[in-house]
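Visitor: my questions are about this predicted structure, shown below with the sequence.
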Amino acid sequence: MTGDEACAEGALAAGCKFFGGYPITPATEIAEHIAKRLPQVGGVFIQMEDEIAAMASVLGASWAGVKSMTATSGPGFSLMLENIGLGICTETPCVVVNVQRAGPSTGLPTLGAQSDMMQARWGSHGHYEIIALSPSSPQEIFYQTITAFNLSEMYRLPVLIMTDEIIGHMSERVVIPEASEIQLFNRIKPEEKSMPYWPYIPGADGVSPMAVAGEGYRFHITGLTHDEKGYPVMSAEAHVHMVERITEKIKRNISHIIDTEGYYLEDAEIVVVSYGVSSRTSLSAVYEARSMGIKAGLLRLKTVWPFPEAILRTLASRVKGFVTVEINLGQIHLEVQRCVGGNVPTFFVGHAGGTIIPPEHVLSVLKDAF
Amino acid sequence: MSIQSDQSDQQTHPLDDLLRKDRIPHIWCPGCGIGTAFSACLYAIKSSKLDLDHVSMVSGIGCSGRGAGYINLDSFHTTHGRAIPFATGLKLANPDLTVVVFSGDGDLFAIGGNHFIHAARRNMDLTVICVNNLNYGMTGGQVAATTPHLAKTTTTPAGNPETPFNLPLLAYASGATYVARWTILHTRDLTESIGEAIQKKGFSFIEVLAPCPVNYGRRNKLKPLDVLRIYQEKSIIKHFASPSELHLDLEKGITLGKFVDQDKPTWLDMYYKTTRKKS
């Protein structure tokens, strides 16, 4: 099955019961597949009038107590960022898939890119932390969609899956395990009859238990700066407190959130840092380099945000250099440079989008770097 | 007679259980009509006999958008213009909820206009109450999609060159099953109408005309009492008047009443019907 279909199946396996969508290439197949499948499991699919409405409906559904999601691509992601911000501020679990295509603007609708990575990190206004995953195969997007739901339910925030057209439209074998083999996490509910209930009193891990509409708690939430009762408070102190709380809940759990995969990192002298489809072509280049006696390794980012800063810093203390590979003109590369801090050379392989990065381009940098 | 008992009498209000008293005082200006529209809404909800634990209010942004913050129910203060799609998700994910959208004209009909017409077209089972004060009050009195032609606002200092929406016509044309218009002077009719709209299955819309003396009235020579006098003297109640005849004209007259009350299957009725049929 394709990556897009595997994403929809992963959502169903995670217990998703609401999808608010809007057609856009190359993410449409996720909506099409789940539109057929959701009624079979008692869920609801609705095609909204635009991506702004789609994202708003996903938040509403989450506050009614169901796992909800949407999927889009660049132009739609730009529109969704408004309500992704509301989701971050009101701490609303949900999943947003961005099947990236080449931009800016309408760009290349049918051709892939990885150029929304910084938009995913900072695209909604204000300061916040976000979680973004990056799958490199249809099988992986199946599992990462489940992971995305688990993380969103665990940390109460929208979780992004930053995939791309190439993974989305690629057909590969996907194994769907038995439900009993899939671990699911559901949001922590307030203790029964703990009245009055305030939606933003943090629990031990920094995450607040979440009530939903219709349970009798009579809570209020707002996108305004608010206190732990959920009530608006227009002061700098309240704002600093709120933003610190919603960023700290991610930062303090960073080791649980971040997932990476290493190839030959034990003795690597030069490390390729890549994610998504580009990590596949990068791995091919690393294998080739090894066969030529070059001590190359690959750090594959399964989680791109929060950025695995500690891992990069540790590697930077013992390797001779880094090569970032991504389909843009240097976005995650900036993060790699930041973490390396000028201690060793950093190289970049990428282009503005429309096709994969050929392994030969990566290999030639690995060969010529030292 | 003790002074103390007088005080405690004063401290109770018939809507206390529906108000977040710890959030009072509210932000609405003296002479503003939103509070009256809001209390009509609360009375209607209270007398609806609904299980209030299953009633939610959703608001957008603006003066009226603060409504959700004062009601002691599950309540959601969302982004500018997006109350209706948020409410759509809430309703579809839990159809047992009664969902009331309480917001203003700028929020629902300019930035949120697209969402309004589509929710009406789908016959989404929501009740939308629009407090129409003819301008953007929260930001200091800018022109809205409802501002009368030639009216002065901070962004139309020479007079509004545009033509405003006829909101009941827009709601009717988009497919709403219940459409009414009242003013805050007609509180009894308004309260009854909101009650009907909440009970009505499908997309219900009520426009509530309300003065904004500080931002609209001041620039258009309309003192708070003048506006109420217009509401009293220039309004006629004409149920089931043709929606095309409902253009607002404060000088010539305002038609109030219930204009549409029809039965149609809701979005969810049709979704179940189409997706659950045997193939």
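Guide: Looks like it arrived, so ask away.

Visitor: when you work out contacts or count neighbours from here on, use the C-alpha atoms and nothing else.
Guide: Will do.

Visitor: other SSEs contacting the helix or strand that contains residue B:193?
Guide: If you go by DSSP states H and E, residue B:193 is part of helix B:187-199. Packing partners of helix B:187-199 (3 or more C-alpha pairs under 8 Å, 6 or more residues apart in numbering or on different chains; DSSP states H and E): helix B:34-46, strand B:127-132, strand B:178-183, strand B:204-209.

Visitor: out of those, which is the most enclosed?
Guide: Ranked by mean neighbour count, the helices and strands packed on helix B:187-199 are led by strand B:127-132 with a mean of 28 (mean count of other C-alpha atoms under 10 Å in any protein chain shown).

Visitor: does any part of the helix or strand just after that strand sit near chain A?
Guide: Next along the chain after strand B:127-132, taking DSSP H and E as the criterion, comes helix B:167-174. No - counting by C-alpha under 8 Å from any C-alpha of the partner chain, chain A is not contacted by helix B:167-174; separation bottoms out at 13.6 Å.

Visitor: can you tell me what sits against helix B:167-174?
Guide: Contacts of helix B:167-174 with the rest of the structure, by C-alpha atoms under 8 Å, 6 or more residues apart in numbering or on different chains, involve B:117-118, B:120-121, B:179-181, B:205, B:207, B:243-244, B:246, B:259-260.

Visitor: mind checking the SS state of residue A:162?
Guide: Put simply, residue A:162 is strand when judged by DSSP: H, G, I helix; E, B strand; the rest coil.

Visitor: can you list the residues of chain A near chain B?
Guide: A:17-18, A:20, A:39, A:44, A:49, A:52-54, A:56-66, A:82-83, A:86, A:213-223, A:231.

Visitor: tell me which of the residues you listed fall in helices.
Guide: Among these, the members falling in helices (DSSP state H) are A:52-54, A:56-63, A:82-83, A:86.

Visitor: coming back round to it: I'd like the average pLDDT over the helix holding residue B:193.
Guide: Averaging pLDDT along helix B:187-199 gives 98.

Visitor: tell me the pLDDT of residue A:126.
Guide: On the pLDDT scale, residue A:126 gets 98.

Visitor: that one: how many residues sit nearby?
Guide: 9 (other C-alpha atoms under 10 Å in any protein chain shown).

Visitor: of the contacts of helix B:167-174, which are in range of chain A?
Guide: Among the contacts of helix B:167-174, proximity to chain A is found for residue B:118 (C-alpha under 8 Å from any C-alpha).

Visitor: quick check, nearest of the contacts of helix B:167-174 to residue A:369?
Guide: Among the contacts of helix B:167-174, residue B:118 lies closest to residue A:369 (C-alpha to C-alpha), at 57.2 Å.

Visitor: surely the closest one meets residue A:49?
Guide: Yes - contact criterion C-alpha atoms under 8 Å: residue B:118 and residue A:49 qualify, at 6.8 Å.

Visitor: pLDDT weak spots in the stretch 151-279 of chain B?
Guide: For the stretch 151-279 of chain B, the stretches with pLDDT under 70 are B:278-279.

Visitor: residue in it with the shortest distance to chain A?
Guide: residue B:275 (6.3 Å; C-alpha to the nearest C-alpha).

Visitor: the helices and strands packed on helix B:187-199 into TSV, with extra columns for distance to residue B:52?
Guide: Output for those, formatted as TSV (distance: least, C-alpha to C-alpha, whole Å):
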stretch	distance to residue B:52
helix B:34-46	8
strand B:127-132	15
strand B:178-183	22
strand B:204-209	19
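
Visitor: gap between the two ends of stretch A:22-30?
Guide: 10 Å (C-alpha to C-alpha, to the nearest Å).

Visitor: picking up where we left off before, show me which of the residues of chain A next to chain B are buried.
Guide: The neighbour-count test (16 or more other C-alpha atoms under 10 Å in any protein chain shown) applied to those identifies A:17-18, A:20, A:39, A:44, A:49, A:52-54, A:56-66, A:82-83, A:86, A:213-214, A:216-223, A:231 as buried.

Visitor: which stretches of chain A form strands?
Guide: Along chain A, counting by DSSP state E, strands occupy A:16-21, A:44-47, A:67-72, A:94-102, A:108-112, A:131-133, A:158-164, A:220-222, A:260-263, A:270-274, A:296-301, A:303-305, A:321-325, A:346-349.

Visitor: now the second one: mean pLDDT?
Guide: Just to be clear, that refers to strand A:44-47. Strand A:44-47 comes out at a mean pLDDT of 98.

Visitor: repeat that for the fourth one.
Guide: Per-residue pLDDT values over strand A:94-102 give a mean of 98.

Visitor: one more: stretch A:270-289?
Guide: 98.

Visitor: residues of it that come out buried?
Guide: Going by neighbour count (16+ other C-alpha under 10 Å), the buried part of stretch A:270-289 is A:270-289.

Visitor: return it as PDB; C-alpha atoms alone will do.
Guide: Extracted as PDB, the C-alpha positions of stretch A:270-289 are listed here (Å, rounded to 0.1, in the frame of the first residue of the first chain):
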ATOM      1  CA  ILE A 270      31.800  11.600   9.200                       C
ATOM      2  CA  VAL A 271      28.100  11.500  10.100                       C
ATOM      3  CA  VAL A 272      25.300  12.100   7.600                       C
ATOM      4  CA  VAL A 273      22.300  13.600   9.300                       C
ATOM      5  CA  SER A 274      19.100  13.100   7.500                       C
ATOM      6  CA  TYR A 275      15.400  12.200   7.800                       C
ATOM      7  CA  GLY A 276      12.400  11.000   5.800                       C
ATOM      8  CA  VAL A 277      12.900  10.000   2.200                       C
ATOM      9  CA  SER A 278      16.400  11.600   2.200                       C
ATOM     10  CA  SER A 279      17.600   9.300   4.900                       C
ATOM     11  CA  ARG A 280      17.000   6.400   2.500                       C
ATOM     12  CA  THR A 281      19.200   7.800  -0.200                       C
ATOM     13  CA  SER A 282      21.700   8.800   2.400                       C
ATOM     14  CA  LEU A 283      21.900   5.300   3.800                       C
ATOM     15  CA  SER A 284      22.600   4.000   0.300                       C
ATOM     16  CA  ALA A 285      25.500   6.500   0.100                       C
ATOM     17  CA  VAL A 286      26.800   5.500   3.500                       C
ATOM     18  CA  TYR A 287      26.800   1.800   2.500                       C
ATOM     19  CA  GLU A 288      28.700   2.700  -0.600                       C
ATOM     20  CA  ALA A 289      31.200   4.800   1.300                       C
END
